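**Student:** below is the sequence, then the predicted model.
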Amino acid sequence: MSFNRILKNFAAVMTIIFAGQNLFAAPPHSWDKKPNSYFWRVYGTSPKLIRYLPPHDRGWKHTDVRKVKVPKSRPIPRVAFGKGGPAGLGMIDKVEIPLELLEESGYSRNAAEVRVGIPFPRYGLYSLKNMRIRRPDGYEIPAQFAELSRWPDGSLRFVLASFSANLKAREKAVWKLEAGTKITAAKKRSAVKVTETSEKFLIDTGSITTEISKTNFQLPVNVAVKGKKAGGFKNMTIVTADGRKLRPSGKPDRLVIEEEGSEHVTFLSEGKMLPAGKHGSYKYQVRMRFRRNSPIIKMEIGFINADLEYEYSDIKEVYCELESVHGSRNVSAGLGKRSIHGKSIRQMTWNKVANGRSNLNGTLESWFALNTNNKKERISVAIGDAAKLWPKGVSSDGKTFRIELLPPLPDKNFGKDFPHQVAYCFVGGNHRHKWGMKFVTPVLVDFSGSSLPILAAESDRQVVAVLPPAWYEKCGVFIGANATVPGVDAKINEMLKYNDLAAEADIESGYFNYGDWFGERSRNWGNNEYDTPYSYFCQMSVPATASSTVWLWQAQDIRRIRISSMPLSIPGSWAACPITASATTEPQTTPLLTGVPPGPISQRPPPITATPGSGACFQRSC
């Protein structure tokens, strides 16, 4: 056969293949026929190749994609916090596992929350009753244990340990977990009390009491500190570009207790934000954690854009409203070495702060004080990494306070002078969200008004427990992972430092921009491209030396916008998602950082494809 004949046959085959691909492609949008200058895209490195859609164009309509066949979705993976099996069984009589704790915020902590996943070898142990935590001085402390996964024979594979640690500023200390059939934990102390009625949950931590409604969901209401009424949350609101105010739709679709034990209780609430549009609405997903003897309410507040009328939804602002029994006077925040005060304080860009009508240079701390009319009373608030995940802020209108998860933008030109990697979600004076997209904001609230820097430390610099590399190797929970290899740790640390410097230079910040990418295939718009964090995970899961903490803070950046329904702060790290992927490609289920159960989730099954707004993945748009 001649070369020309082979070439012609090859061309014919390729024509058939590409024609076949077009049969399954999404219907063309009107802009496909328009010049490249019309819509945003990124090819190469020249800024000249980047263009944006005009404000009036909200992308595809639901009619453009509704005929595209979507593969059947898989169920959302959820962690079941089990109670373990019978005591006294297993091949481990007694083992001491060192837990290296490091205080990194620079503030002494009387009760720093520690959550760490502990692996165990097959046949080792079956019961949670056969383990306990000891301080460096040998004193046993109260701890809560939950089963995360089991080996095929029923023995424990991963256990989530939760406890409070007293640490001085910058202190490094080695605590111990003792486990084995010969170990019996001391009797538990008083726990967080939860009383359920037909209409609500009543929570008593020993420091505060509060309520969560089962019939008309709001964030915790009727908060009392040491028996004295303090206030509570009022509204959780999304204001759309056309002025609609979306709020929780009464009875939640789901309200459950995810974790319950002697040290803390975690609630999960999911539901719709109404009134809805013609083709769906936003959904909310909120986790609320209450710790024993603590006045702090720790929340992760998430919203999913399930409005499918257009590819993009434009939002004016998103806020949570709360009130104090002493009224609302003003708000305060830390800027450098000083405090600033006013009716509103907002981190609007990576280096600009709006204090009322004044614009200041710098970055805020993560803490905010909501000052009441009683000068002796305030509400302390921390918004996780507020300065990096801008725009964020707080405000007072003289009656109530607002925690501004997405503050109103100052004008229609906001973002036009930003670098392209942080400009694409600000359009015409609004926040632009892609359909199916979810964003999460960690918020800590203390109605007793306790120490602001420590509250921020609990938000941004959680104490991480580091286990010995040899223990992971002995347990065999990470297949193929070996103990430390000489020289590898130093190289990985060098790479991490370079990665941080590059992120700083590229201004990789903003609430839609930790690991974000956009423009691939000319119209993808994503966040949390998982290649980099997963690669570092493979390197840093074992060996788990102290240098791992650098990676854990890197992973903390990934948690903010995710496609997950996993609980906040899964063991040993902040990367609380079993799925870290782009907004417009099917996410991969991958093993996580220290302590996450590598059972079915870690076997790297085929990609998940789920419906928009499910919390499991984002709508495909390419």
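**Tutor:** Looks like it came in fine.

**Student:** quick one: mean pLDDT over stretch 99-107.
**Tutor:** Over the span of stretch 99-107, the pLDDT mean works out to 91.

**Student:** repeat for stretch 472-480
**Tutor:** Stretch 472-480 carries an average pLDDT of 76.

**Student:** buried residues in that stretch?
**Tutor:** 472, 473, 475, 477, 478 (16 or more other Cβ atoms under 10 Å). Heads up, the C-betas are built off the backbone N, CA and C, glycines and all.

**Student:** now for those: which two are most distant?
**Tutor:** 473 and 477 (9.5 Å; Cβ to Cβ).

**Student:** residue ranges of the strands in the stretch 201-350 of the chain, please?
**Tutor:** 208-213, 221-225, 228-240, 245-248, 254-260, 264-274, 282-291, 296-305, 312-324, 330-335, 338-342, 344-347 (DSSP state E, counting those that start in this stretch).

**Student:** CSV please, covering these and showing distance to residue 96, mean pLDDT and mean neighbour count.
**Tutor:** Shown next, in CSV, are the strands of the stretch 201-350 of the chain (distance: least, Cβ to Cβ, whole Å; pLDDT from 0 to 100; neighbours: other Cβ atoms under 10 Å):
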stretch, distance to residue 96, mean pLDDT, mean neighbour count
strand 208-213, 36, 96, 22
strand 221-225, 39, 96, 19
strand 228-240, 43, 95, 19
strand 245-248, 47, 95, 19
strand 254-260, 26, 92, 15
strand 264-274, 25, 94, 21
strand 282-291, 26, 95, 23
strand 296-305, 30, 93, 24
strand 312-324, 44, 94, 22
strand 330-335, 41, 95, 21
strand 338-342, 45, 94, 14
strand 344-347, 45, 96, 25
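
**Student:** got these as JSON lines, with distance to residue 435 columns?
**Tutor:** Formatted as JSON lines, those follow (distance: least, Cβ to Cβ, whole Å):
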{"stretch": "strand 208-213", "distance to residue 435": "30"}
{"stretch": "strand 221-225", "distance to residue 435": "32"}
{"stretch": "strand 228-240", "distance to residue 435": "14"}
{"stretch": "strand 245-248", "distance to residue 435": "15"}
{"stretch": "strand 254-260", "distance to residue 435": "22"}
{"stretch": "strand 264-274", "distance to residue 435": "15"}
{"stretch": "strand 282-291", "distance to residue 435": "11"}
{"stretch": "strand 296-305", "distance to residue 435": "6"}
{"stretch": "strand 312-324", "distance to residue 435": "7"}
{"stretch": "strand 330-335", "distance to residue 435": "34"}
{"stretch": "strand 338-342", "distance to residue 435": "36"}
{"stretch": "strand 344-347", "distance to residue 435": "27"}
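
**Student:** so of the buried residues of stretch 472-480, which ones are in strands?
**Tutor:** Among the buried residues of stretch 472-480, DSSP state E puts none in strands.

**Student:** out of the strands of the stretch 201-350 of the chain, nearest to residue 389?
**Tutor:** Within the strands of the stretch 201-350 of the chain, the stretch nearest residue 389 is strand 344-347; the backing value is 8.6 Å (Cβ to Cβ).

**Student:** mind listing what's buried in the following helix or strand past that closest one?
**Tutor:** Downstream of strand 344-347, the next assigned helix or strand under DSSP states H and E is strand 352-355. Within strand 352-355, the residues that count as buried by 16+ other Cβ under 10 Å are 353, 354, 355.

**Student:** let me have the buried residues of stretch 472-480 in TSV, extended by distance to residue 504.
**Tutor:** Supplementary listing: the buried residues of stretch 472-480 in TSV, determined by distance: Cβ to Cβ, whole Å:
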residue	distance to residue 504
472	31
473	35
475	37
477	34
478	31
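
**Student:** wait, which of these is closest to residue 179?
**Tutor:** For the buried residues of stretch 472-480, the nearest to residue 179 is residue 475 (11.7 Å; Cβ to Cβ).

**Student:** what sits closest to the closest one if chain neighbours are left out?
**Tutor:** Closest residue to residue 475 apart from its sequence neighbours, by Cβ to Cβ, 6 or more residues apart in numbering: residue 119 at 4.1 Å.

**Student:** count of neighbours near the one you found?
**Tutor:** 26 (other Cβ atoms under 10 Å).

**Student:** wait, what's in contact with the residue nearest to residue 349 when sequence neighbours are not counted?
**Tutor:** Take residue 349 and drop its neighbours on the chain: the residue closest to it by Cβ to Cβ, 6+ apart is residue 390, 6.0 Å away. Residue 390 is in contact with 347, 348, 349, 350, 509, 510, 511, counting by Cβ atoms under 8 Å, 6 or more residues apart in numbering.

**Student:** where does residue 390 land in three-state SS?
**Tutor:** Using DSSP: H, G, I helix; E, B strand; the rest coil, the structure places residue 390 in coil.

**Student:** quick revisit: which of the contacts of residue 390 count as buried?
**Tutor:** 347, 348, 349, 350, 509, 510, 511.

**Student:** quick one: the third one and residue 358, what's the gap?
**Tutor:** Distance from residue 349 to residue 358, counting by Cβ to Cβ, to the nearest Å: 15 Å.

**Student:** the fourth one now?
**Tutor:** The gap separating residue 350 from residue 358 is 18 Å, by Cβ to Cβ.

**Student:** again, but for the fifth one
**Tutor:** In this structure, residue 509 and residue 358 are 22 Å apart, going by Cβ to Cβ.

**Student:** and the last one, by the same measure?
**Tutor:** From residue 511 across to residue 358, the span is 23 Å (Cβ to Cβ).

**Student:** cool, the first one as well?
**Tutor:** Relative to residue 358, residue 347 is positioned 14 Å away (Cβ to Cβ).

**Student:** about what we covered before: make TSV out of the contacts of residue 390 and add distance to residue 207.
**Tutor:** Formatted as TSV, the contacts of residue 390 follow (distance: Cβ to Cβ, whole Å):
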residue	distance to residue 207
347	30
348	35
349	37
350	36
509	34
510	35
511	31
